[in-house]
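> heads up, no residue letters with this:
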DNA sequence: CACTATAGCGAACGAACGTTCGGACGCTAT
DNA sequence: ATAGCGTCCGAACGTTCGTTCGCTATAGTG
C-alpha cells in the first residue's frame, strides 16, 4: 500500500478496478457486482473505489466497455490480417471458439452472461450491451456477404441466416463448457461451423 | 384478501408465491429475486412469504422446480403422443420454438437465464438446474438415436452433435428475441432446425 | 519553498437485504 | 363451547447495499 501516486497512478488504479470488475462480473453477473466486494478484493475503501466513477451504473458501463475491448483484442485482432470474406470468417470462428474455451474471463464470456442478464432490463446497460452485440453481428454479416459475393459460399446463401446459426453454435458451446463441462464441446462447435462454411474451422490456441 | 384460510388455502398461497417467483426470476434473475420484492408484489409480509419455505435458497430451489413443471407441460406434453423418433423430435422442436416465442415467462425462458446465471456458481441451485438440463438433453438425444435407428436420419448421424446444434438454435432464438427483438428470429430457427432434421419444423401456437 | 490540486481513506447515512420471534386470528375437532 | 393448530402479520435483529462528506497525504507548479 504505497500511495506515492500521481495522475498516472490514478489511471492504473482505474484499470485495475475495471479488470477486476470484468472478472467478477463474468461470474457473479453485472448486477451482482458490488462496490464493497470489489473494494475488498483490491484492498481499497468503498469510497476510494467509487471515486473515479461516481456511481455504480457508471462503473457498470465502463466495465462493459472494458470487456468489449478485451473481446475485440482476443477475437478480432488476431485474424484482422486475413483476407476479407470466407477466409476471415472461418478464422474468426476459430478465434471465437478459442476465446470461449480458454476462457478469457473466469466466468466464461462476459457478453453471453450480460446479454442474458440484461435482455429484459431496460436502461443504459442494456443499450450498451445491445450496441456491442449489434456491432459484432454486423461485422460477421459483412464477412458472410463478401464470401457469398466472392462465390466462396453457395449462391443464395442468406448471410443473416448464417450468422444466426454461427451465433447459436457459440452459445451452445458456452453452455456446454460452463454448465455441462462437456469435454467434446469444442470439436462439436467446430464441426457445426465447418459444415455451415464448407471449410474446416480450427479452434485457436 | 380474505384470510378465511385452511390447510388448502396454504397450498394455494404457496402456488401463488412460486408462480410469481418464476415470473420475476425470469426477468430479474434467480439471485435478484428478493423476499421483500416478492412479498410486496403479492401483498404479503416478508415473514409470511418465507414461512412455507424456511430460507431463500429453499425458495429458489422450489422456483426452479416450478419452472421445470411449466417447461415440461408447455413443450413436452403437447407432443408426447407423437410417434417416437424423427416425428416426435421435429414436433418437439416446433413446440420448443413456440414456447420461446410466446413467451411462457415474461423474461423469456427461465432456464436459459438460470443456466447462464448459475453456470459458475457452485451450490444446490446450480446442481438442480444442471439436473434438469441433463434430463432434457438426454430426452432429445434418445429421440435422435431412435430416428437414426429407424433410418429417418442419415446413417452415421451423431445424435449428440445433432442435439448440440438444435440447442444452439434455441439459444440463438432466445437471444435474437429477447435482446435484439429480431422479427425474423422464429423463421430462422425453424429453417435451421429443418435443415438439421431434413423435415419441416413449424413453430407451435 | 509555499501553494494548489487530487487520490484515496474512514466514518456515516438511509434503505434494503435475509432471518427470527411472539402474537393475533380463523379454522377444525373434541 | 373451547382447546388446539396452523397461517400469516408486525416488529425487530444484524448485515450489506450505494452514496456522501470531510480529511490526510502526496505530487506537481510557481
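Perfect, thanks for sending it. Since this is a predicted model, take the numbers as computed values, not measurements.
> Stretch A:14-23 and chain B in contact?
No: if you take C-beta under 8 Å from any C-beta of the partner chain as the test, stretch A:14-23 misses chain B, and the best it gets is 11.2 Å. Where C-beta positions appear, they are placed from N, C-alpha and C, glycine not excepted.
> How far off centre is that stretch?
On the basis of C-alpha atoms, centre = their mean, to the nearest Å, stretch A:14-23 sits 15 Å off its chain's mean C-alpha point.
> mind listing what residue A:36 touches?
residue A:46 (C-beta atoms under 8 Å, 6 or more residues apart in numbering or on different chains).
> and the helix or strand of chain A with the lowest mean pLDDT, anywhere near DNA strand C?
The helix or strand of chain A with the poorest confidence is helix A:7-28; it has a mean of 90 (mean pLDDT, DSSP states H and E). Yes: residues of helix A:7-28 contacting DNA strand C under C-beta under 7 Å from any atom of the strand: A:7, A:9-10, A:13-14.
> Make JSON lines out of those residues and add neighbour count and distance to residue B:103.
Listed next are these as JSON lines, based on neighbours: other C-beta atoms under 10 Å in any protein chain shown; distance: C-beta to C-beta, whole Å:
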{"residue": "A:7", "neighbour count": "6", "distance to residue B:103": "50"}
{"residue": "A:9", "neighbour count": "12", "distance to residue B:103": "49"}
{"residue": "A:10", "neighbour count": "12", "distance to residue B:103": "46"}
{"residue": "A:13", "neighbour count": "17", "distance to residue B:103": "43"}
{"residue": "A:14", "neighbour count": "16", "distance to residue B:103": "40"}
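> of all these, which comes closest to chain B?
residue A:14 (25.7 Å; C-beta to the nearest C-beta).
> where does the closest residue to the closest one other than its chain neighbours land in three-state SS?
Nearest residue to residue A:14, sequence neighbours excluded (C-beta to C-beta, 6 or more residues apart in numbering or on different chains): residue A:52, at 5.1 Å. Using DSSP: H, G, I helix; E, B strand; the rest coil, the secondary structure recorded for residue A:52 is coil.
> Then residue A:190?
Of the three states, residue A:190 takes helix according to three-state DSSP.
> For the closest residue in space to it that isn't next to it in sequence, give me the pLDDT.
Closest residue to residue A:190 apart from its sequence neighbours, by C-beta to C-beta, 6+ apart: residue A:201 at 4.6 Å. In this model, residue A:201 is scored at 98, pLDDT.
> Please name the residues that touch residue A:201.
By C-beta under 8 Å, 6+ apart, the contact list for residue A:201 reads A:90, A:93-94, A:97, A:190, A:193-194.
> residues of the biggest helix by length in chain A that come out buried?
The longest helix of chain A (DSSP state H) is helix A:124-149. The neighbour-count check on helix A:124-149 (16 or more other C-beta atoms under 10 Å in any protein chain shown) flags A:125-126, A:128-130, A:132-133, A:136-137, A:139-148 as buried.
> what does stretch A:12-20 give?
A:13-14, A:17-18, A:20.
> Contacts for it, please.
Residues contacting stretch A:12-20 (C-beta under 8 Å, 6+ apart): A:5, A:38, A:41-42, A:49, A:52-53, A:59, A:62-63, A:66.
> try stretch A:101-118
Here stretch A:101-118 has contacts from A:22-23, A:25-31, A:64, A:67-68, A:70-71, A:74, A:99-100, A:125-126, A:129, A:132-133, A:171, A:173-174, A:177-178, A:185-186, A:203, B:29, B:112-113, B:116-117, B:119-120, B:175, B:178-179, using C-beta under 8 Å, 6+ apart.
> Stretch A:152-161 now?
Stretch A:152-161 is contacted by residues A:85-86, A:141, A:144-145, A:147-148, A:162, A:197-198, B:184, B:188, B:191-192 when judged by C-beta under 8 Å, 6+ apart.
> for the record, mean pLDDT for stretch A:162-172?
Here the average pLDDT along stretch A:162-172 is 98.
> next one: stretch A:97-106
pLDDT averaged over stretch A:97-106 gives 97.
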